[in-house]
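>>> 3D, please:
(chains A and B)
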2 protein chains.
Amino acid sequence: METFGSRLAAAVGRFGNLCVGIDPHPALLAAWGIPDSPAGVEQFSATVLEAVAGRVAIIKPQVALFERHGSQGMAALEHLLARSAESGVLTIADAKRGDIGSTMAGYADAWLRNGSALAADALTLSPYLGFESLRPALTVARENGRGVFVLALTSNPEGASVQHVGGEDSVARRIVQAAAAENDDGVPGSVGLVIGATAGDAVRQLRLDLSTLNGPILAPGVGAQGAGRQELRKTFARTSGIILPTSSREILSAGPTVAGLRRAVAATQHQVGPGNGAGPGTD
Amino acid sequence: METFGSRLAAAVGRFGNLCVGIDPHPALLAAWGIPDSPAGVEQFSATVLEAVAGRVAIIKPQVALFERHGSQGMAALEHLLARSAESGVLTIADAKRGDIGSTMAGYADAWLRNGSALAADALTLSPYLGFESLRPALTVARENGRGVFVLALTSNPEGASVQHVGGEDSVARRIVQAAAAENDDGVPGSVGLVIGATAGDAVRQLRLDLSTLNGPILAPGVGAQGAGRQELRKTFARTSGIILPTSSREILSAGPTVAGLRRAVAATQHQVGPGNGAGPGTD
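Next up is the predicted model:
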């Protein structure tokens, strides 16, 4: 069974490293002229997938915006995940789940187990209960050739009140170290991190060592939120693994036509870097 | 519009402060002789609700164990939440959600807005992105007479690697202070915390001041995980607000009969305290 890390490396080698967020925000649905309903979310998702299939390695549906519509919204997400798999587009379910023990195992069953209706190629996780509390998801991901991205250092200003605490041995630094320890078997790792594309100053201030992670980094904050190639290079200067710069709003607001979305994808791919899969520090 | 804090105080005054977890674990479903399927989860939930309605103030469905079954599992949760509201049983959706900005607003819409299929009386939140990142949920909760319980200090051993970091100004202490600041208008607060029932040593070690919270505390870890009246009194000695000791497995394993569940509920109510709503430190 191929690992997520290997599948991701192959896809990025082919299509570049831009990750497109699928965020059916109410304001975007209105701008596209489609209803703020489960059917509208379904239509929105299908359009974005049509626009990006065969052009990007990976998409990141924002689970909250499907969950807004309850079980019917989650059914729309199931359809998107299934169609993405058919189209050869990898998926990161951006759910930021986190719990302990058999409850964490429940989330792992939902998102990372073969045969689950919500199975994605990878899942974002939130470690407030401790990195090790995420173990059931790490195990299920590995067993099913899937991956995880653990929140480490985000660029929203409030994040510092938790992530920066601890001085030399900060919360964020502990998460980075714990993730790196999971990826020490030589092959491209499947345990990734979420680090904001514009968090470069904090990466240096907290002395985060991203050089030994050997796993992918999901980097939200590209495009509308401001990061381009230079900012990415600054934040991830010493990173060896794959960086996935993620853009949502700037691309999605170029809809509702498939042609408009494709132009925005191409422009953002140009903006964030060479797309050679080796991260923005190597071109 | 009545606040969540007031509604909770009234319900606890009438039924006592035990919160019953609704956790459709695969092992429990098997023990009850019902299938591990959306229909099984639906049947399990309906049975527990029948057993506790009119006997407890509040229940806490564990969202991960509904989400395990995808959109159909979430539909079962919607039915449980709707039937609980009809039965006059308050609900805490234990989802531990957390994100930023308009994405956090999406979760708030899903769980805390009147008219949403998943609307619960309160929602658990995870603050890895900073307490203030939860603001959209705090706002929507207030506007809709609902509440939140923010993860602060848990009793799983891995929790310390995040929550205890920071010495005098620990992550957990910051969360407690931020929640207290939300409840400063004199009436029983609607911004609660999650603090493990057996976390007493850490409460003292981290010098958490629970005396000014003025909001409810959800305290998992009663029954099968070990805490009784004495442990609760130790952990929450200086707490003025309502403590909601929560038991799941010990009660649920007394099923599948309604009579068996009711006996277990009564035994646990006896075990955790007087149920007068004033917390375990005052009897």
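>>> What segments of the stretch 151-283 of chain A are helices?
A:160-163, A:171-182, A:200-205, A:229-235, A:249-252, A:258-272 (DSSP state H, counting those that start in this stretch).
>>> quick one: the nearest residue to residue A:61 once chain neighbours are set aside and chain B, what's the gap?
Spatially, and ignoring its direct neighbours in sequence, residue A:61 is nearest to residue A:22 (4.3 Å; C-beta to C-beta, 6 or more residues apart in numbering or on different chains). Placement of C-beta: from N, CA and C, glycine included. Distance from residue A:22 to chain B, counting by C-beta to the nearest C-beta, to the nearest Å: 12 Å.
>>> give me every residue that touches residue A:22.
A:44-45, A:48-49, A:59-62, A:80, A:248, A:252 (C-beta atoms under 8 Å, 6 or more residues apart in numbering or on different chains).
>>> Report the spatially closest residue to residue A:193, excluding sequence-adjacent ones.
Using C-beta to C-beta, 6+ apart, the closest residue to residue A:193 is residue A:152 (4.4 Å).
>>> Kindly report the same for residue A:78.
residue A:117 is the one closest to residue A:78 (C-beta to C-beta, 6+ apart), at 4.6 Å.
>>> ok, now which ones touch that neighbour?
Counting by C-beta under 8 Å, 6+ apart, residue A:117 makes contact with A:78, B:69-72.
>>> Among those residues, name the buried ones.
The neighbour count (16 or more other C-beta atoms under 10 Å in any protein chain shown) marks A:78, B:69-72 as buried among these.
>>> Which single one of these is nearest to residue A:90?
residue A:78 (16.5 Å; C-beta to C-beta).
>>> so the closest one touches residue A:118, yeah?
Yes - counting by C-beta atoms under 8 Å, residue A:118 is a contact partner of residue A:78 at 5.9 Å.
>>> shared neighbours of those two, anything?
Common contacts of residue A:78 and residue A:118, defined by C-beta under 8 Å, 6+ apart, comprise B:70-71.
>>> What helices and strands are in contact with the helix-or-strand element of chain A with minimal mean pLDDT?
Least confident helix or strand, chain A: helix A:229-235 with a mean of 87, by mean pLDDT, DSSP states H and E. Applying 3 or more C-beta pairs under 8 Å, 6 or more residues apart in numbering or on different chains; DSSP states H and E, one finds that helix A:229-235 contacts helix A:200-205, helix A:258-272.
>>> So which of those helices is nearest chain B?
Minimum separation from chain B across those (C-beta to the nearest C-beta) falls at helix A:200-205, 12.9 Å.
>>> can I get the CA coordinates of that closest one in CSV?
Coordinates of each C-alpha in helix A:200-205 appear next as CSV, following Å, rounded to 0.1, in the frame of the first residue of the first chain:
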residue,chain,number,x,y,z
GLY,A,200,7.7,33.5,9.3
ASP,A,201,8.6,35.8,12.1
ALA,A,202,7.1,33.5,14.7
VAL,A,203,8.9,30.5,13.1
ARG,A,204,12.2,32.2,13.7
GLN,A,205,11.3,33.7,17.1
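>>> List the buried residues for it?
Buried residues in helix A:200-205 (16+ other C-beta under 10 Å): A:200, A:202-203.
>>> Out of these, which are close to chain B?
The subset of these within reach of chain B, by C-beta under 8 Å from any C-beta of the partner chain, is empty.
>>> Surely residue A:121 is in contact with residue A:6?
No - assessed by C-beta under 8 Å, residue A:121 is found out of contact with residue A:6, at 11.7 Å.
>>> who has more neighbours, the two?
Using other C-beta atoms under 10 Å in any protein chain shown as the criterion, residue A:121 and residue A:6 rank with residue A:121 on top: 26 against 15.
>>> Can you give me every residue that contacts that one?
Applying C-beta under 8 Å, 6+ apart to residue A:121 gives the contacts A:4, A:7-8, A:58, A:90-92, A:146-147.
>>> Which ones among those map onto helices?
A:4, A:7-8 (DSSP state H).
>>> If you rank these by neighbours, which is first?
When these are compared by neighbour count (other C-beta under 10 Å), residue A:8 ends up highest, at 28 neighbours.
>>> wait, isn't it in contact with residue A:90?
Yes - judged on C-beta under 8 Å, residue A:8 makes contact with residue A:90 at a distance of 6.4 Å.
>>> tell me, what's touching these two both at once?
Shared contacts of residue A:8 and residue A:90, defined by C-beta under 8 Å, 6+ apart, are found at A:57-58, A:121.
>>> nearest to chain B, of these?
residue A:121 (16.4 Å).
>>> The residue nearest to that closest one when sequence neighbours are not counted: what's it in contact with?
Excluding its sequence neighbours, the residue lying closest to residue A:121 (C-beta to C-beta, 6+ apart) is residue A:90, at 4.5 Å. The contact partners of residue A:90, taken as C-beta under 8 Å, 6+ apart, are A:7-8, A:11, A:57-59, A:84, A:121-122.
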